[in-house]
Each structure stands twice: as structure tokens, then as C-alpha cells.
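Chemist: return a 3D structure for these sequence lines:
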Amino acid sequence: MVKKRTHMFANWEGEIIPLAIFQNDVYSLFPELFLTVIILICLVFGVIWSTSKVNHTYPVLTHTVAWLGVWTLFCTWMLSMHMPFTTMVSFHTTIVIDPLTTLLKTMVLFSAAAAMLMSLDYLKSSLMNVFEYSILVLFSTLSMLHLISSYDFITMYLAIEMQSLCFYALAASKRHSEFSTEAGLKYFLLGAFSSGILLFGCSLIYGFAGSTNFEDMAKTLAASYHLECDSSLGYLNNGETIDSLPRLLYDYQLVHVGMCLIAVAFLFKLTAAPFHFWATDVYEGAPTSVTAFFSITPKIALLGVFMRLLLFCFYDMLFSWQYVIFFCSACSLLMGAFGAMAQRKIKRLLVFSSVGHIGYLLMGLSCGTVEGLQAVLLYLLIYVVMTVNIFTALLACVDENNTFRVKYIQDFGLLGSAHPVLAVSMSATLFSMAGIPPLAGFFSKFYLIFAAMGSSLFWLGLLAVLCSVLSCFYYIRMIKTFYFEQPSQRVTFKQMDHEKAILLGLTTFFIVFFSLCPQSLFLWTYKIAYIFVG
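Modeler: Residues are numbered from 1 along each chain as shown. Now for the predicted structure:
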């Protein structure tokens, strides 16, 4: 009989560890490793090929690298869907793989691919013929995948910083525009400020728990919470008096401070009110394709790790952080409804609209239940589809000379006669964002309000209904502009390119016909929420 040889080695503590363990760890990060290698290959290819003068006369590789990036994202998704493990914790409990991460990674990969496809024609017409744009999008997508899988404060913080560095460069990528440069500088300064708040909050919790791992912190905080509950009654479980409590109990109040700082940092990055004031200038000054990417993809990863922190690490402190999320949700709903009414620029209106959508997501997160998490996942998926549709339509509104870009709402005047298909698609999406039945947006809002009512958040649910009614004002005002108002100047729109046409058709089909077969998506999101929370 031949014995199978297992390679072993000793770590710094002298423990013998088989190499098969690290082989499984590599399997857990194989999609990210594949994406990293292909990004580096695309970068080297772009640098060498675009500077070739003799045979290729400095070719423009924007479309080539972008299509390579799209196929790379698709292959990464295929690898993540065919992992040998559906649930595992790897690399010494710093990376986690579970059904929630699989769903969020799928949304990140497809939204990043959609953002790249819708920006191809824009990059050419805006004189941004640089292949580095696609490389930065791929690098930021890679950091979001790591952020979703993070199971430790260190990996979480490093992933956020890697993502932010790419975003700073993307916001200032239109180098001949002073507005883009201003947007990149503001994003850099305010992003560094929020990262400092996040790091300070993490350090306070580490000082109490003695660990940066999510699972270890959850166990420590749960034990300390029950100890505090017993001490509030004047005795411990073993009958000792309050005077014999260790100092650990008195330091427990610092956890609340650290938790609030972490929540503020994430709410700042999610553009939730009252921490949203930076978003209007940054999103308006950045190139429109970059604004589309900022509005879609980062929110998925940030909200995913934020849900893991609140519903896993700090779940025993639900009644402490619930008031913070409740307050920010109410502020976001009100700011999104009233702030968008006064806007005349389309990008600023969409920024305030996204603030309102974040308010709905936070409402489901504040429930702390399986139904609330299911409603958040369902709303997030439908929100991504609607945002892809609206920005695809916005980037498609150009004239024959590629000189006219929609900037004000008035520029959409008589779009119904100039581009009827585009007007119908945008009208369906805006009605869905307003929550008009039987479109997809109605179902997402209905389940969020239903989850809030089930968690006794009656005032927040009532506020969500009222803000949804108020949002109909500026959405229907845009639709009225499409058909009944004169434009600021007469424009002959050029034919839409194939990439935008495919994206617009698929997203519109999903929004309009979602009501015919919603049960599969409902069951999928409920299963993931039940596994995570239950």
C-alpha cells in the first residue's frame, strides 16, 4: 500500500500545519487572484502597446482594455459561482465565504461591467482616451470583492483604502476639466477624514476586545453585554456583588463610542444624511461615467460589510445602534425628498435621489430581523438595476457631433419626439423609482415598509410612505419634461451604440416585467437572510 505524503511545515509558534490548509485558503481567494493577475496583464499590455510607435503608431486602447476588463469580470463571476466551498473562513479567520458574499459579489461584478460598457462611447467623445480608466475600475472592483469577504478589521480597512485610492484618481480623471480636479481633491480630503474616523473607532473596539476578528469580537461583546445586564440589577450570575466587577465592565462604554464612530464613517461613505453634503459636488464634478460607477457599485460593497458588522458583531447591542440608523434613515428620506425638489441639474437631482434610496436601505437595516435583511437585499438589487438604466439613458443623450450633453432637466424637453424609445425607458424607470405599481420599485419599497412595520418601527414606515409620495413630484416632473416642455436648444440625438442599447433593454425588461415572476428572487434573498441572521 502506498501512503499519501502530506507536506508539513512549522509556524512561528512551532505548530505543525499541513500545506493542504493553505491550499484551501487559496481556493477561497481564487477569483480575486485571477482578477489580480489579469489586471496586471492588462496594465502591462496597455503600457507596451499604447507606446509602440514603429508598428502601431500609438494606438488608443480604451475599447480594447475595456472589453478585456468586461470579459475578466465575467470569468471572475463564473469562478466565484463555482467555488469548491459554499461556506468557509480562511486565512486565519480574515476572509469569509458564505451565500451573502456570493450574492454581493455577483452584484458588484455585474454592476462594474455595466458601468464599463456604458462609458465606452463617453470616453471617446470626452477626449478621455486613456486605457488606465478601465484599469482603475478593475482595481476598485477587486478591492470591493475583498471588502465583501473581509472578516477582520485589518482586511476591511485595507480594502476600503485600496478602493478609495482608485476613486480619488477616477474622480479627477478628466484632467482638462477644473470641476473634475476639484471633485477629486474634495473626495480625497473628505475620504481621508472618514477613514480616520473609521480607524479610530476600530482601535477603540480593539482596545476592549483584544482582537480584530469579527467573530471573536462578537463573542466578547455578547459576553460583556450580558455581564452589563446582570450588573444593572446589582448582582452577577455567580451571586457576587457589583463591587467585584472587573475593569472590563467599565471600559465597555468605550465600545459604544467606537461603534458610533464606525457607523458614522460608513454612513459618510454611503452618502447618508446628514453626512451627504460632499456627494453633490463630487458627483457633479466627476465625469458622468465615473458618477454612474460611484452611484452603483461602491454602495453594494460598503453596505455589505456594514450589514455584517451590525448584524453579526454588534447584534447584541441592537438597541444601541438602532437609534443611530433610525435617525440617519429618517434624515436621508427627508433630505432625498425635499432636496431633490429644488434641483435643476440632472446629476444633482440623481444624487439627492440616491440619498433617499439609502434612507430606505437603512430603514430595513435598522429592523435587525430576517425580514429586514431580505428587504434590504431585494431593494439593493432592484436599485442597482434602476440606476444602471437611468445612467445608461443619460449617457446616451448626445447629438451627432458628440458635443451636447444633458446637464439640466430642461435639456430633456420633447425627448419623447426626438428619441421615443429612450423616453419610454426612462419614464418606466422613474415611475419605478417613485414606487408606482406594478413596477419593480414598488415591490422593493413595499417589502421594506412591511419589514419596518413588523419590527414596530411605525413612525419610520409612515415617514417612508410620505417621502415616497413626495418623490413622485420630481420624478413625474421629469417625465412631463420629456413630452410637454420645450428644450433649451434643439438637438438631433445620434443613434445609441450597441452596448447601451443592450443594457437599456435588459434593465427596462427587468423593471417592467418583474411583477410577473417575483417569487424566485424573494425566495433567494430570504434564504440568504435566514442563513445569515437566523
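
Chemist: which residues touch the residue lying closest to Val512 once chain neighbours are set aside?
Modeler: The spatial neighbour of Val512 that comes closest, neighbours along the chain excluded (C-beta to C-beta, 6 or more residues apart in numbering), is Ala428 at 5.6 Å. (C-beta placed from N, C-alpha, C; glycine too.) Neighbouring residues of Ala428 by C-beta atoms under 8 Å, 6 or more residues apart in numbering: Leu439, Thr508, Ile511, Val512.

Chemist: which among the residues you listed end up buried?
Modeler: The neighbour count (16 or more other C-beta atoms under 10 Å) marks Leu439, Thr508, Ile511, Val512 as buried among the contacts of Ala428.

Chemist: the first one touches Phe513, doesn't it?
Modeler: No: the pair Leu439 / Phe513 is not scored as a contact, 9.5 Å apart, by C-beta atoms under 8 Å.

Chemist: returning to what we had before: let me know the helix or strand that the residue nearest to Val512 is in.
Modeler: helix 420-434 (DSSP states H and E).

Chemist: can you give me the helices in the stretch 251-400 of the chain?
Modeler: Using DSSP state H, counting those that start in this stretch, the helices found in the stretch 251-400 of the chain span residues 253-269, 277-285, 288-308, 318-341, 346-365, 370-396.

Chemist: looking only at pLDDT, what's the mean for the first one?
Modeler: Looking back up the chat, that one is helix 253-269. In this model, helix 253-269 has an average pLDDT of 88.

Chemist: give me the contacts around that helix.
Modeler: Residues outside helix 253-269 that contact it (C-beta under 8 Å, 6+ apart): 160, 190-191, 194-195, 197-198, 200-205, 207-209, 221, 224, 275, 278, 298, 302, 305-306, 309-310, 314, 317, 320-321, 324-325, 328, 362.

Chemist: how much space separates Ile325 from Met433?
Modeler: Note on Ile325: its distance to Met433, by C-beta to C-beta, to the nearest Å, is 22 Å.

Chemist: and the helices of the stretch 251-400 of the chain: which comes nearest Pro31?
Modeler: helix 288-308 (14.5 Å; C-beta to C-beta).

Chemist: and the angle from the closest one to helix 318-341?
Modeler: 160 degrees (axes from the mean of the first three to the mean of the last three C-alpha atoms, to 10 degrees).

Chemist: now stretch 87-98: buried residues?
Modeler: Val89, Ser90, Phe91, Thr94, Ile95, Val96, Ile97, Asp98.

Chemist: off-centre distance for it?
Modeler: 21 Å (C-alpha atoms, centre = their mean, to the nearest Å).

Chemist: show residues contacting it.
Modeler: Residues contacting stretch 87-98 (C-beta under 8 Å, 6+ apart): 24-25, 28-29, 83, 85-86, 99, 149-152, 154-155, 213-216, 531-532.

Chemist: what's the end-to-end length of that stretch?
Modeler: One end of stretch 87-98 to the other measures 4 Å (C-alpha to C-alpha, to the nearest Å).

Chemist: picking that back up, so how far is Ala440 from the residue nearest to Val512?
Modeler: As judged by C-beta to C-beta, Ala428 and Ala440 stand 10 Å apart.

Chemist: coming back round to it: of the contacts of Ala428, which belong to helices?
Modeler: Among those, the members falling in helices (DSSP state H) are Thr508, Ile511, Val512.

Chemist: could you dump those residues to a markdown table with distance to Ala265 and pLDDT?
Modeler: Converted to a markdown table, the ones in helices among the contacts of Ala428 look like this (distance: C-beta to C-beta, whole Å; pLDDT from 0 to 100):
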| residue | distance to Ala265 | pLDDT |
| --- | --- | --- |
| Thr508 | 36 | 92 |
| Ile511 | 33 | 93 |
| Val512 | 38 | 91 |
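
Chemist: once you drop chain neighbours, what's closest to Gln163?
Modeler: Using C-beta to C-beta, 6+ apart, the nearest residue to Gln163 is Ser143, at 3.9 Å.

Chemist: list the helices and strands the strand or helix carrying that neighbour packs on?
Modeler: In this assignment (DSSP H and E), Ser143 forms part of helix 132-149. Counting contacts by 3 or more C-beta pairs under 8 Å, 6 or more residues apart in numbering; DSSP states H and E, helix 132-149 packs against helix 30-50, helix 62-81, strand 95-97, helix 99-118, helix 153-171, helix 288-308.

Chemist: list the contacts for Gly69?
Modeler: By C-beta under 8 Å, 6+ apart, the contact list for Gly69 reads Cys42, Ala113, Met116, Ser134, Ile135, Val137, Leu138.

Chemist: again but with Leu309, I slipped
Modeler: If you count contacts by C-beta under 8 Å, 6+ apart, Leu309 has them with Phe214, Ile262, Phe266.

Chemist: by neighbours, which of these wins?
Modeler: Counting neighbours by other C-beta atoms under 10 Å, Ile262 leads the contacts of Leu309 with 26 neighbours.

Chemist: tell me how far that one lies from Ile205.
Modeler: Distance from Ile262 to Ile205, by C-beta to C-beta: 8 Å.

Chemist: Ile449 and Met363, how far apart?
Modeler: Distance, Ile449 to Met363, by C-beta to C-beta: 8 Å.

Chemist: those two: which is more packed in?
Modeler: Neighbours were counted for Ile449 and for Met363 using other C-beta under 10 Å; Met363 has more, 31 against 23.

Chemist: my guess is the more buried one contacts Trp459. True?
Modeler: No: in this structure, Met363 is not within contact of Trp459 by C-beta under 8 Å, at 10.9 Å.

Chemist: any idea which helix or strand carries Ser195?
Modeler: Going by DSSP H and E, Ser195 is part of helix 178-209.

Chemist: got the buried residues for that helix?
Modeler: Under the neighbour-count criterion of 16+ other C-beta under 10 Å, helix 178-209 has 180-184, 186-188, 190-191, 194-195, 197-199, 201-202, 204-205, 208-209 buried.

Chemist: how deep is Ala218 tucked in, by neighbour count?
Modeler: Count around Ala218 with other C-beta under 10 Å applied: 17.

Chemist: same deal with Met335?
Modeler: 21.

Chemist: mind starting the numbering at 683 from now?
Modeler: From this message on, residue numbering opens at 683, which makes the last subject Met1017.

Chemist: ignoring the adjacent residues along the chain, who's closest to it?
Modeler: Here the residue nearest Met1017, using C-beta to C-beta, 6+ apart, is Ala955, at 4.1 Å.

Chemist: ok, now Leu818?
Modeler: Here the residue nearest Leu818, using C-beta to C-beta, 6+ apart, is Cys848, at 4.9 Å.

Chemist: just Ala1146 next, same as before
Modeler: Ile1131 (5.4 Å).

Chemist: tell me who's in contact with the one you found.
Modeler: Ile1131 touches Met1045, Gly1143, Ala1146, Val1147, counting by C-beta under 8 Å, 6+ apart.

Chemist: and Ser877, by the same measure?
Modeler: Going by C-beta under 8 Å, 6+ apart, the list of residues near Ser877 reads Tyr839, Ile842, Glu843, Ser846, Ala947.

Chemist: and it, what pLDDT?
Modeler: Value listed for Ser877 in the pLDDT field: 90.

Chemist: for Ser859, same thing?
Modeler: Confidence score, pLDDT, at Ser859: 79.

Chemist: give me the low-pLDDT residue ranges for the stretch 933-1082 of the chain?
Modeler: Per-residue confidence for the stretch 933-1082 of the chain (pLDDT under 70) gives these ranges: 933-934, 1082.

Chemist: was I right about the residue nearest to Leu818 contacting Ser822?
Modeler: Yes: using C-beta under 8 Å, Cys848 is in contact with Ser822, at 3.7 Å.

Chemist: more crowded one of those two?
Modeler: Set Cys848 next to Ser822 and count neighbours by other C-beta under 10 Å: Ser822 wins out with 24 against 19.

Chemist: now that the more buried one has come up, it's in contact with Ala853, right?
Modeler: No: judged on C-beta under 8 Å, Ser822 makes no contact with Ala853 at a distance of 11.3 Å.
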